[in-house]
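1. everything below, folded, please.
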Amino acid sequence: IGVAAAGIDTDKVTSISSETDLDIVCGEDDSVLKTQLTAAVLNAGENFLAWMLPVEEGSDNAECILSMQEAMDNYFKATSPEAVVCCRPAQSAEEIQDWHDAVMQERAEKGRQLFAMVATSGVLATQVWSDYEAAQGDLVAELECHRVIVVPQLHGNNIGVLGGRLANRATSIADSPMRVETGSVLGLGDVPADADGIELPESVLATLAASRLSVPQHYCDYPGTYWADGTTLDVPAGDYQVIEYLRPVLKACRAVRILAIARVADRKFNDTPKSMAYHKKYFARPLREMSRSTTIEIGGTQLE
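-> Alright, predicted model coming up:
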């Protein structure tokens, strides 16, 4: 969800795959949405699938959430996205909280299991890095939003890069975006500098990561740019502090819900010992299927 170029229909859902010509669906002019989708497609690789929802220039956070809810109700009937990605930078803690409330509302009202990725602004022309660290840390310090990842737009397309990295089929949903073997991130924007002209220091990335923001990662004496954890805004003792803990649970919930719907008003599902024993195995089927290993091939090397 984000602002597209002039002339693109707003509040109209468009599917995006690895083969989509973004100049056609997003317009030839640069836009926030096109920038993030370009980064997402590049990092996701083949078999990527997402849906684009443009909003008008100047749309506030509440309008973006309403557009998302209407799109979920009107467009997604037989399937639904795993995550909603808001490319409009959040300006306050309340806006981030609103996204968590929105995905939890989808769960409560319609049984949909989503998480949200929410952008925040990069460093402003008037800010030095210490001011930026403090502002970003204050934004999320008091929040408990275990279904939200907050991504500072330090390089201009960070949320697109992370979204694509999470959607890459070369990894599983139980893998961290930190996984180095996945390879360096692709197409990350220019390195930012603060008001004093100092380029982004590693110490700032470490501070932002400690504040539960999801940022790029580098390693001394190891070439390439990678990613830190996909940190959620869960509490320190929470079960879902990183996204690779949350995604398998949400996938299992989606699968078990479909099996449960198929048993509505079915007399085979009752409280007799035989029925209860059978349905424990029946509802555990998605967990058994998810636990099976899969062999994939990358660059001639087979990985399990």
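2. just want the phi and psi numbers for V84.
-> phi -110, psi 130 (degrees, to the nearest 10).
3. is it true that it touches M117?
-> Yes: under the criterion of CB atoms under 8 Å, V84 makes contact with M117 at 7.4 Å. (C-beta placed from N, C-alpha, C; glycine too.)
4. against K77, how distant is the residue nearest to F48 when sequence neighbours are not counted?
-> Leaving out its chain neighbours, the residue that sits closest to F48 by CB to CB, 6 or more residues apart in numbering is S18, at 4.7 Å. For S18, the distance to K77 equals 24 Å [CB to CB, to the nearest Å].
5. if you count surrounding residues, which of the two has more?
-> S18 (12 against 8; other CB atoms under 10 Å).
6. with G164 as the reference, measure out to that one.
-> 10 Å.
7. the spatially most central residue of the chain sits in which helix or strand?
-> Residue closest to the mean C-alpha point of the chain, counted by CA atoms, centre = their mean, is M117 at 4.3 Å. If you go by DSSP states H and E, M117 is part of strand 115-120.
8. now that strand, how far from the centre of its chain.
-> 6 Å (CA atoms, centre = their mean, to the nearest Å).
9. please apply the same query to stretch 3-21.
-> Centroid separation for stretch 3-21 versus its chain: 18 Å, with CA atoms, centre = their mean.
10. what's next to that stretch, contact-wise?
-> Stretch 3-21 is contacted from outside by 22, 25-34, 37, 41, 44-57, 59, 67, 70-71, 75, 87-88, using CB atoms under 8 Å, 6 or more residues apart in numbering.
11. so which of those residues sit within helices?
-> Mapping the contacts of stretch 3-21 onto helices (DSSP state H) picks out L22, V25, V32, L33, K34, L37, V41, A44, S67, E70, A71.
12. filter those down to the buried ones and hand me the PyMOL line.
-> Applying 16 or more other CB atoms under 10 Å to the ones in helices among the contacts of stretch 3-21 leaves a buried subset, and the PyMOL line that selects it is:
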select buried, resi 22+25+32+33+34+37+41+44+67+71
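13. and the closest residue to A62 other than its chain neighbours, how far from V118?
-> Sequence neighbours aside, D98 is the residue nearest to A62 in space, at 7.2 Å (criterion: CB to CB, 6+ apart). Shown here: D98 relative to V118, a distance of 9 Å by CB to CB.
14. more neighbours: those two, which one.
-> Neighbour count, other CB under 10 Å: between D98 and V118, V118 has more, with 26 against 20.
15. report pLDDT for the more buried one.
-> In the predicted model, V118 carries a pLDDT score of 98.
16. in which helix or strand does the residue nearest to A62 reside?
-> Using DSSP H and E, D98 falls in helix 93-110.
17. that helix to strand 115-120, inter-axis angle?
-> Interaxial angle, helix 93-110 versus strand 115-120 (axes from the mean of the first three to the mean of the last three CA atoms, to 10 degrees): 160 degrees.
18. mind listing residues that contact helix 93-110?
-> In contact with helix 93-110 (CB under 8 Å, 6+ apart) are residues 61-62, 65, 68-69, 72, 84, 86, 90, 112-116, 118, 138-140, 142-143, 145-148, 150, 233.
19. one more time with 7 Å, if that's ok
-> 61, 65, 68-69, 72, 84, 86, 90, 112-116, 118, 139-140, 142-143, 145, 147-148, 150 (CB atoms under 7 Å, 6 or more residues apart in numbering).
20. now stretch 185-198
-> 38-39, 42-43, 122-123, 125-129, 132, 154-157, 161, 165, 199-200, 216, 225-227.
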